[in-house]
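S.K.: Got a predicted structure plus its sequence, pasted below:
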Amino acid sequence: MILQKILNPISSKLVDYKYRDKLNPFVEFNRIKGNHKLSPITKGNVLIGSIRMNGVGQLFEGMLAYSLRMKGYKVYALMCGQGLEHCETKDLKLKSNYKCSICYKEQNFFCDTFGVEPLYINDLINNKERETIEQSCSKMSIESMLNPNGIDLEPEITSGLMRVLKVSNVKSENYLTDLKKYGKTSMLTYQATLNIFKTIHIDQVVMSHGVYSTWGAMIKACNHSGIDTAVWGRGYVGKGNILATHRKSYLFENIVEPTSNYIDYELTEAERKKTLDYIKSKRNPNSKVDYVSYYDKEEKGILNLNEEFKIPLGKKVFGMFPNIPWDGQLFSASESYPNIGEFAKSTIEWFVLNPDNYLIIRAHPAELAARSKNQMETFKDILFKLYPKLPENVKFLNSDSKITSYQLEEQIDVALLYAGTIALEFTMNKTPVIQLGKNFSSNKGFVFEPLNNSEYHGLLDGFSNSKLSLTDEMFENGLKYIHHWVYKRHIPETIIKLKGQLIFDGFFFTSMDELNENKTLNWFIDKLESKEDFVYDLD
């Protein structure tokens, strides 16, 4: 905190340095806004749960806030204001104090620029509440992470630390000191949110992600208080297209989305072609259909399993495509497979008992970059801790392998996933997928989803004996869902210009009237007001 006090007086200079070679979104918006005057308050109160700030990261909330202000709403924002010593941006490293000072200054810019009234955590917590939170943190243990009100905040606390440390299991005594730090963050955020509701009648809360020690604690406080919430985030589809759900994080809500939302819709031939063309284009990183691609170029060579792995012709070959461990466990854990390690262990156990079948494991390509950014744990670490020497019929490709997931998938009989978007692509390439974790592909009728080891090994037996396959019905279910997922659940970005890895590149509007009349943003506000699902239905 001392270093922050030293840095805060020069925070404006730090922000200038941050944007030294790129556009500053606050400056650009103010340039367009000019002397625009906002309308009087005639409607209800909306609370934006920004908490922490990253210019571009929360920019959609700024657009939403200003649009709501133009429509007569009063807009508040819960902001850290350096009231949280630790968060998912300000991690456990000393240099994160620079980020904290920049974040603090951008919180000020955000509220001034977009007509938002800030509510800072330090102003919302009294001394008695702070003391009881400190006491609860000191009593925290691996088995109990309750706040002063007896509310279990373990998911929020552990997810925050997992996000910072990039490890899949933080529930151990080795991490207890750090868990207490993020416990304090969650408890302060939870209490601050409750205290807002005691003094201001909030009609609607909007926040990003809805998970971790900050947003996760906030949405839990909202749900316990009966306050309507909407959670948004940028998906991997397109150039930062937006996902949104009511009441809980889109990361979990889409797991249980009913198939009735789309299954009876018959795709036209044009829609089928558009969807299949999109999936095909994803295999080519040069297509740029999405802003995320894990490969630099399209590998067109055909993989020869016999030459590369000495696998005899005619053998059944399974491909395993694990998530980055902490990411997979945090968002995709299932009851029988709570972590990637259980997935790996159960899988290899079957191949040990079935040596006539072969398994090729392809580590997630993003792990290469993640390890260079001080990620503490990779799938390789977990795998070789379980099996220092792999069975002869199990092969491993590390994240930096020149063999891509797509090349491997072309040559295997079955794909084994914990949970991943690649399930959509493999299904459309007629490769059956067994998925053990949970994500938006779950419960949609196009992947095989065993509930336990017995069912999982039974599926492996079935594919090994050629008694199971991807059916035409599963393919059609997948095609319908992909169309729904890509073109209906993802809301196109029509306000903010983004390039590359979601770098701000300007705005699509040139006046406040244009922003106020933006059809997509107004559609989003209509869904906020009506509480209807964010299923995009504009032409």
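M.R.: Structure's in. What do you need?
S.K.: how does this structure divide into domains?
M.R.: The chain breaks down into these domains under automatic domain parsing: 2-241+492-530, 261-489.
S.K.: Switch those over to TSV; also include distance to residue 255 and mean pLDDT.
M.R.: C-beta: built from backbone N, CA, C; applies to glycine. Output for the domains of the chain, formatted as TSV (distance: least, CB to CB, whole Å; pLDDT from 0 to 100):
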stretch	distance to residue 255	mean pLDDT
domain 2-241+492-530	13	94
domain 261-489	5	91
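S.K.: Mind putting these into CSV with distance to residue 254 and mean neighbour count?
M.R.: Below are the domains of the chain laid out as CSV (distance: least, CB to CB, whole Å; neighbours: other CB atoms under 10 Å):
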stretch, distance to residue 254, mean neighbour count
domain 2-241+492-530, 10, 18
domain 261-489, 4, 18
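S.K.: Residue 249: which of those domains is closest?
M.R.: The closest of these to residue 249 is domain 2-241+492-530. By CB to CB, the value is 3.3 Å.
S.K.: In TSV, list the domains of the chain along with distance to residue 538.
M.R.: Conversion of the domains of the chain to TSV gives the following (distance: least, CB to CB, whole Å):
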stretch	distance to residue 538
domain 2-241+492-530	6
domain 261-489	10
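S.K.: closest to residue 247 out of those?
M.R.: Taking the domains of the chain one by one with CB to CB, domain 2-241+492-530 is closest: 5.8 Å.
S.K.: next one: the closest one to chain centre, how far?
M.R.: 15 Å (CA atoms, centre = their mean, to the nearest Å).
S.K.: and the gap between residue 328 and residue 379?
M.R.: 9 Å (CB to CB, to the nearest Å).
S.K.: any shared contact partners between these two?
M.R.: 322, 340 (CB atoms under 8 Å, 6 or more residues apart in numbering).
S.K.: what about residue 395, is that helix, strand or coil?
M.R.: The assignment at residue 395 comes out as strand when based on DSSP: H, G, I helix; E, B strand; the rest coil.
S.K.: I figured it hits residue 360, correct?
M.R.: Yes: in this structure residue 395 lies within contact range of residue 360 using CB atoms under 8 Å: 4.7 Å.
S.K.: Find the residues that touch each one of the two.
M.R.: residue 309.
S.K.: helix, strand or coil for residue 320?
M.R.: Residue 320 - assigned by three-state DSSP - is strand.
S.K.: residue contacts, it?
M.R.: Contacts of residue 320 (CB under 8 Å, 6+ apart): 344, 347, 359-362, 415-417.
S.K.: so how far is residue 208 from residue 88?
M.R.: Distance from residue 88 to residue 208, by CB to CB: 11 Å.
S.K.: quick revisit: which members of the contacts of residue 320 are the farthest-apart pair?
M.R.: Counting by CB to CB, the most remote pair of those is 344 and 415, 15.0 Å apart.
S.K.: roughly how far out does the helix or strand hosting residue 475 sit from the chain middle?
M.R.: Following DSSP states H and E, one finds residue 475 within helix 472-484. Computed by CA atoms, centre = their mean, the chain-centroid distance of helix 472-484 equals 23 Å.
S.K.: Need the CA coordinates for that helix. CSV is fine.
M.R.: C-alpha atoms of helix 472-484 as CSV (Å, rounded to 0.1, in the frame of the first residue of the first chain):
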residue,chain,number,x,y,z
ASP,A,472,-26.5,-38.6,-38.0
GLU,A,473,-28.8,-37.3,-35.2
MET,A,474,-25.8,-36.3,-33.1
PHE,A,475,-24.3,-34.5,-36.1
GLU,A,476,-27.5,-32.6,-36.7
ASN,A,477,-27.8,-31.7,-33.0
GLY,A,478,-24.3,-30.4,-33.2
LEU,A,479,-24.9,-28.3,-36.3
LYS,A,480,-28.0,-26.7,-34.9
TYR,A,481,-26.3,-25.9,-31.7
ILE,A,482,-23.2,-24.4,-33.3
HIS,A,483,-25.4,-22.1,-35.4
HIS,A,484,-27.3,-21.1,-32.2
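S.K.: Give me the next element, helix or strand, following that helix.
M.R.: Next element after helix 472-484 (DSSP H and E): strand 496-499.
S.K.: ok so, going back, show residues contacting the helix holding residue 475.
M.R.: With CB under 8 Å, 6+ apart, helix 472-484 has contacts from 259, 261-263, 265, 267, 271-272, 274-276, 278-279, 424, 427-428, 430, 432, 441, 444-447, 535.
S.K.: Run through the residues that contact the residue nearest to residue 399 when sequence neighbours are not counted.
M.R.: Nearest residue to residue 399 in three dimensions, chain neighbours excluded: residue 367, at 3.8 Å (CB to CB, 6 or more residues apart in numbering). Residue 367 makes contact with 324, 375, 378-380, 399, according to CB under 8 Å, 6+ apart.
S.K.: hmm, try it at 6 Å
M.R.: Residues near residue 367 by CB atoms under 6 Å, 6 or more residues apart in numbering: 324, 378, 399.
S.K.: Any figure for the gap between the first one and residue 336?
M.R.: Between residue 324 and residue 336 the distance is 21 Å, computed by CB to CB.
S.K.: And for residue 147?
M.R.: Using CB to CB, we find residue 147 at a distance of 30 Å from residue 336.
S.K.: longest helix of the chain?
M.R.: helix 176-199 (DSSP state H).
S.K.: Point out the other helices and strands that it packs with.
M.R.: Counting contacts by 3 or more CB pairs under 6 Å, 6 or more residues apart in numbering; DSSP states H and E, helix 176-199 is packed against helix 121-124, helix 127-139, helix 154-165, helix 217-225.
S.K.: okay, the second one in CSV with CA atoms only?
M.R.: Taking only C-alpha atoms (Å, rounded to 0.1, in the frame of the first residue of the first chain), the coordinates of helix 127-139 have been written out as CSV:
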residue,chain,number,x,y,z
ASN,A,127,-14.7,-0.1,11.0
LYS,A,128,-16.8,-2.7,12.8
GLU,A,129,-17.5,-4.6,9.6
ARG,A,130,-13.8,-4.4,8.7
GLU,A,131,-12.8,-5.8,12.1
THR,A,132,-15.2,-8.8,11.8
ILE,A,133,-13.9,-9.5,8.3
GLU,A,134,-10.4,-9.5,9.6
GLN,A,135,-11.4,-11.9,12.3
SER,A,136,-13.1,-14.2,9.8
CYS,A,137,-10.0,-14.2,7.6
SER,A,138,-7.8,-15.1,10.5
LYS,A,139,-10.0,-18.1,11.3
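S.K.: contact partners of it?
M.R.: With CB under 6 Å, 6+ apart, helix 127-139 has contacts from 147-148, 180, 183-184, 187, 191.
S.K.: what does the last one give?
M.R.: For helix 217-225, the external contacting residues (CB under 6 Å, 6+ apart) are 49, 156, 186, 189-190, 193-194, 197, 205, 210, 229.
S.K.: Turn these into TSV, including distance to residue 514.
M.R.: Formatted as TSV, the contacts of helix 217-225 follow (distance: CB to CB, whole Å):
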residue	distance to residue 514
49	27
156	39
186	40
189	35
190	39
193	34
194	38
197	35
205	27
210	30
229	29
